[in-house]
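Engineer: I need the structure of the sequence given here:
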Amino acid sequence: MKKQVQLAACMLFLIAFCGTFSLPQGLIDVASSKPVVFSVDHGRFHCDSCHPVIDVPANGMEQPVNGYADGRSYDTISVKIVDSRTLEVTTKRAGRFYFKQISAVAADGDTLDVKTTEDTGIGGANGVAIAVRVGPAPAGAHAASGSWRVIRASGSVD
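Structural biologist: Have a look, this model is predicted:
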């Protein structure tokens, strides 16, 4: 049986969970009021809100990420453009699945649904977050790009 957990907030890209869960290095500070800012433009994924900043090709291939291979977080990331409104981000640690997020922007472009699956090796979790757009996407960028603020999140842990 899964224990239901109401998350206080949940971050978007590259973030598995927050609140009740431990926060590995690289997660965005959820206590801040700053929005999550990222873009997929000219074939690259760029996350300004990630610490350290991530800038990798959005070609669905695994890419090493600098500053994250500390044994507490992921060491590779793959960003796949599923369609004009959906992105899939998958991370691994030492070649093993760490987490996956599928983010889909609504037809109006102002709401982002984020589904997350995580397996850190000590247990798994699933979550859903809803975010609203608080800043525009760069001209010509993927529809999910821009600045987002999470308004609702929930999840379960195994």
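Engineer: would you list every one of the strands in the protein?
Structural biologist: Along the chain, counting by DSSP state E, strands occupy 3-5, 36-41, 44-47, 54-57, 63-64, 76-83, 86-93, 96-105, 111-119, 124-135, 146-157.
Engineer: Rebuild these as TSV, extending it with mean pLDDT.
Structural biologist: Shown next, in TSV, are the strands of the chain (pLDDT from 0 to 100):
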stretch	mean pLDDT
strand 3-5	32
strand 36-41	93
strand 44-47	94
strand 54-57	94
strand 63-64	94
strand 76-83	96
strand 86-93	93
strand 96-105	92
strand 111-119	90
strand 124-135	88
strand 146-157	82
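Engineer: Reformat the ones you listed as JSON lines; add mean neighbour count.
Structural biologist: Yep, even glycine has a C-beta here, placed from its N, CA and C like the rest. Below are the strands of the chain laid out as JSON lines (neighbours: other C-beta atoms under 10 Å):
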{"stretch": "strand 3-5", "mean neighbour count": "12"}
{"stretch": "strand 36-41", "mean neighbour count": "22"}
{"stretch": "strand 44-47", "mean neighbour count": "22"}
{"stretch": "strand 54-57", "mean neighbour count": "18"}
{"stretch": "strand 63-64", "mean neighbour count": "12"}
{"stretch": "strand 76-83", "mean neighbour count": "18"}
{"stretch": "strand 86-93", "mean neighbour count": "20"}
{"stretch": "strand 96-105", "mean neighbour count": "19"}
{"stretch": "strand 111-119", "mean neighbour count": "19"}
{"stretch": "strand 124-135", "mean neighbour count": "19"}
{"stretch": "strand 146-157", "mean neighbour count": "19"}
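Engineer: Touching, residue 49 and residue 39? I think so.
Structural biologist: No. With contact defined as C-beta atoms under 8 Å, residue 49 does not reach residue 39; the gap is 10.9 Å.
Engineer: Relative to residue 91, how far out is the closest residue to residue 56 other than its chain neighbours?
Structural biologist: Nearest residue to residue 56 in three dimensions, chain neighbours excluded: residue 63, at 4.1 Å (C-beta to C-beta, 6 or more residues apart in numbering). Relative to residue 91, residue 63 is positioned 10 Å away (C-beta to C-beta, to the nearest Å).
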